[in-house]
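Student: quick check, what structure comes out for this input:
(one chain, ligands or ions: 1)
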Amino acid sequence: MSKVRIYALAKELGVETAKMLEILDSLGVQYKSSSSTLDEETVEAIKTILADSSSKAEDAAPEDSSVNASATQEAAPEPVAATPPVASNPTPAPQPSAAQSATAGEERTLAAQPAAVTTTATELPHRAPVVTIMGHVDHGKTSLLDYIRKTKVAAKEAGGITQHVGAFEAKTSRGKVVFIDTPGHEAFTTIRARGANVADIAIIVIAADDSVMPQTREAIAHAKAANVPIIVAINKIDLAQANVDKVKQDIIPLDLVPEEFGGETIVVGVSARSGEGVEDLLEMISLVAEIADLRADPKAALKGVVIESRVDKQMGVLANIIVQEGTVHVGDFLVVGEKYGKIKALTNSVGDRIKDAGPSTPVQILGFSEAPTAGDTVTSAKNEHQARELVAGRTQDRRDVEEARKGRRLSLDDILGAPGDVHEVNLILRADTQGSLEALQGILARKSSEEVKLTVMFAGIGAPTEGDVLLASTANAEIMCFNVTASGGVKKAADNKGIELKSFRIIYELIDEVDRLIKGQQEPVFEERYLGRAEVRMVIRHPKAGVVAGSYVQDGMLRRNAKVKVTRGRQVVYNGTIVGLKRFKDDVREVQTGYECGINIDWNDVQEGDVIEASELVEVTS
Ligand SMILES: Nc1nc2c(ncn2[C@@H]2O[C@H](COP(=O)(O)OP(=O)(O)OP(=O)(O)O)[C@@H](O)[C@H]2O)c(=O)[nH]1
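Tutor: Residues are numbered from 1 along each chain as shown. The predicted structure follows:
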């Protein structure tokens, strides 16, 4: 028997791919993704486990604890589509499922005896994936959305029209998929810039006759910065000049290696005109979603994201949101940013008035008096009073942040993080030519160290765009321009977001700036510097201050808060800090050579004749 891919086996055996990964984890089998292959032995082990757990499920004795009850419930297979995936290839590493992370860190070797299949995943209901479409201008984003909308959205009864609520729900053979209506990476990152992540999967549309173009690269950078799984849809395959293979080759340098070349990127050929391949694309979306194991609690506190809003002359403010968690009901008080409103009406994406909506549902809300901003998160309040309080709290928080910004931009902790962390420097590069971009990237590639990880999030030819500014602000990146100048609009956008656009005419000046950034991220190095030495001449026991060493400074000077080392003969007997320093009755900061003083080092065992040597830590600047 030849090797078989994980997702294909899952399909064959009628279990969810996520479930299959759980079984592999329980067996200790290593895999990279659901497109990894399994050997015959493992396949047999899996089959045994499944057969075992289903027979146990059948005669489920209550005292049988070897099969977890939830595992038995989960054994019910989800309906799977009959057609095998054509463009065959799962998936960029999704978030690990709860079950996977439960085994993380354990050694993954093939277990000798098949362990009982346990399910540690929460039993929250699955939710539909939310998908965004991005890509270069004219590559067919809108056409693809239109095709899916036309063919996959259940049309309302005669005369009905679909309502624009910012997203629509497509019905596929493997469940619902929500598509965000506004294509493009700017829209995507605008939402992210406000702290919300709305899309679970990004489709990068690339026209088969045009291949990778500047905005394709941008879109990929934006999706990667958001850590969203990417599916590549090669569009316009109906055209005579379509060259699918070239596109597949061209995406490899962008770190999207199609599965057929040994990578993990799902690539699907489609035509938004004829509809060819669209079914496969939808199937791949469901597969990625299944592996990501998207779940949400409809009973949790409400969390939603505004995807757009507008003011209708007749109806008033209409806000389109996607519910992420919990359920929204007509009559609820909602708080969005620093605004609140009571829901007067809810409309779904096929134009129906509805009473409530749960996770992964796009809805239009009537009830706000002012239009909220895309990317704002939506929460609910018990009543108007609580809504007002929430708004007041947020206003205060914003003011606090603004105040803090007026002061220092970043605290030391912001820059350094926890000690031992690998610090990150993220860059967006813009240059006039491909040659200079490559030269820059070549030099920068050698700059990462154990302490600092340098990532070029995006490198593009030509002037920086507003999209770059958005990306920089969400990904905490610096924009470096070489021989290109930003337009006034982009400069203004950068100003508004507090992003500096750094321009250089000489490559090494740019590199020097990067070096400075890296240095700023490195943990400071401290050196211990000798300050001075004193001999203890008398030990004074003070009722309040404790033991004070009456001493004579023989060399250098002593300073309060300095580190000290106490030696007795040749032996170091204590290491500590000068917590108090006195000349006669006065507290002093330092005492010079030739003077007597009282030193409190917060140690009761100091003795006459001990030598107290003081030092301090000084940051070394290289
Ligand atoms: N032959 C062919 N033409 C297509 C296909 N998809 C889109 N087009 C055409 O390509 C052009 C651009 O399509 P759009 O859907 O507007 O592209 P877009 O990416 O949304 O463009 P922007 O919104 O301007 O960024 C239109 O003339 C479409 O008719 C396809 O699959 N085959």
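
Student: what residues sit buried inside the lengthiest helix in the chain?
Tutor: Under DSSP state H, the helix in the chain containing the largest number of residues is helix 384-406. If you call a residue buried by 16 or more other CB atoms under 10 Å, then helix 384-406 has these buried ones: A387, L390, V391, R394. Using the backbone N, CA and C atoms, a C-beta is placed for each residue, glycine as well.

Student: surely the third one is in contact with F333?
Tutor: No - with contacts defined as CB atoms under 8 Å, V391 does not count as touching F333, sitting 10.5 Å away.

Student: which neighbours do these two have in common?
Tutor: Counting by CB atoms under 8 Å, 6 or more residues apart in numbering, the shared contacts of V391 and F333 are Y340.

Student: what about A439, neighbour count?
Tutor: A count of neighbours around A439, defined by other CB atoms under 10 Å, yields 15.

Student: residue contacts, it?
Tutor: For A439, the set of contacting residues under the criterion of CB under 8 Å, 6+ apart consists of I507.

Student: one step back: which one of the buried residues of helix 384-406 is nearest the ligand?
Tutor: Lowest distance from the ligand to the buried residues of helix 384-406 (CB to the nearest ligand atom) belongs to R394, with 34.7 Å.

Student: quickly note the distance from the residue lying closest to R541 once chain neighbours are set aside to the ligand.
Tutor: In space, R541 comes closest to V547 once its chain neighbours are excluded; the distance is 5.7 Å by CB to CB, 6 or more residues apart in numbering. Taking CB to the nearest ligand atom, to the nearest Å as the criterion, V547 is separated from the ligand by 77 Å.

Student: test my guess that V547 contacts V539.
Tutor: Yes - the pair V547 and V539 qualifies as a contact (CB under 8 Å) at a distance of 6.3 Å.

Student: overlap in contacts of the two?
Tutor: V606.

Student: all helices for the stretch 251-400 of the chain, in order.
Tutor: Per DSSP state H, counting those that start in this stretch, the stretch 251-400 of the chain carries helices over the ranges 278-292, 384-406.

Student: looking at these, which is closest to the ligand?
Tutor: The closest of the helices of the stretch 251-400 of the chain to the ligand is helix 278-292. By CB to the nearest ligand atom, the value is 9.6 Å.

Student: residues contacting K582?
Tutor: Here K582 is in contact with V548, V588, C597, G598, N600 (criterion: CB under 8 Å, 6+ apart).

Student: report the buried members of these.
Tutor: For the contacts of K582, burial is judged from neighbour counts taken by 16+ other CB under 10 Å, and it is met by V548, V588, C597, G598, N600.

Student: what bridges to the fourth one?
Tutor: Right, G598. For G598, the residues forming beta bridges with it (DSSP bridges) are G550, K582.

Student: how near is it to the ligand?
Tutor: Taking CB to the nearest ligand atom, one finds G598 at 77 Å from the ligand.

Student: same question for I599.
Tutor: 74 Å.

Student: cool, P362 as well?
Tutor: The value you get for P362 to the ligand, if CB to the nearest ligand atom is used, is 20 Å.

Student: how about the longest strand along the chain: buried residues?
Tutor: Ranked by residue count and defined by DSSP state E, the top strand of the chain is strand 525-542. Buried residues in strand 525-542, counting neighbours by 16+ other CB under 10 Å, are found at L531, G532, R533, A534, V536, V539.

Student: closest one of the residues you listed to D138?
Tutor: For these, the closest approach to D138 (CB to CB) belongs to L531, at 70.0 Å.

Student: contacts only, for the closest residue to that closest one other than its chain neighbours.
Tutor: Once flanking residues are discounted, L531 sits nearest to A614: 4.3 Å by CB to CB, 6+ apart. Going by CB under 8 Å, 6+ apart, A614 touches 530-534, 556-559, 562-564, 578.

Student: mind doing that once more with 6 Å?
Tutor: Contacts of A614 were listed using CB atoms under 6 Å, 6 or more residues apart in numbering, and they are L531, G532, L558, A562, V564.

Student: with adjacent residues omitted, what lies nearest to the fourth one?
Tutor: Closest residue in space to A562, ignoring its immediate chain neighbours: A614 at 4.1 Å, by CB to CB, 6+ apart.

Student: just say helix, strand or coil for the one you found.
Tutor: Using DSSP: H, G, I helix; E, B strand; the rest coil, the secondary structure recorded for A614 is strand.

Student: so which bits of this structure are right by the ligand?
Tutor: Listed as neighbours of the ligand in the chain under the rule CB under 6 Å from any ligand atom: 135, 137-143, 183, 235-236, 238-239, 271-273.

Student: in strands, which of those fall?
Tutor: Filtering these for membership in strands, criterion DSSP E, returns G135, N235.

Student: of the residues of the chain next to the ligand, closest to Q364?
Tutor: Using CB to CB as the measure, the one of these that approaches Q364 most closely is P183, at 19.2 Å.

Student: please name the strands paired to the longest strand of the chain in the sheet, noting orientation.
Tutor: Strand pairing for strand 525-542, determined by DSSP bridges: strand 546-559 (antiparallel), strand 611-620 (antiparallel).

Student: hey, least reliable of those strands by pLDDT?
Tutor: If you rank the strands paired with strand 525-542 by mean pLDDT, strand 611-620 sits at the bottom with a mean of 86.

Student: in that strand, what counts as buried?
Tutor: When burial is assessed from 16+ other CB under 10 Å, strand 611-620 yields the following buried residues: V611, I612, E613, A614, S615.

Student: tell me what the fourth one is bridged to.
Tutor: Beta-bridge partners recorded for A614 (DSSP bridges): G532, V564.

Student: measure it to D181 for me?
Tutor: When CB to CB, to the nearest Å is applied, the distance between A614 and D181 equals 69 Å.

Student: and what of H139?
Tutor: With the distance defined as CB to CB, H139 ends up 17 Å from D181.

Student: so whichever residue of the stretch 351-500 of the chain sits closest to the ligand, which state does it fall into?
Tutor: Taking CB to the nearest ligand atom as the measure, the point where the stretch 351-500 of the chain comes nearest the ligand is G467, at 12.5 Å. Look at G467: counting by three-state DSSP, its state is helix.

Student: show me what the host helix or strand of E218 is packed against.
Tutor: Per DSSP states H and E, E218 falls inside helix 214-225. Of the remaining helices and strands, those touching helix 214-225 by 3 or more CB pairs under 6 Å, 6 or more residues apart in numbering; DSSP states H and E are strand 130-135, helix 185-193, strand 201-207, strand 452-461, helix 466-475.

Student: that helix: how far from the chain's middle?
Tutor: If you compare the mean C-alpha spot of helix 214-225 with that of the full chain, they lie 15 Å apart, counting by CA atoms, centre = their mean, to the nearest Å.

Student: how about stretch 5-23?
Tutor: Averaging C-alpha positions (CA atoms, centre = their mean) puts stretch 5-23 27 Å from its chain's average.

Student: hmm, back to that, I'd like to know how far the residue nearest to A562 sits from the ligand.
Tutor: Between A614 and the ligand the distance is 68 Å, computed by CB to the nearest ligand atom.
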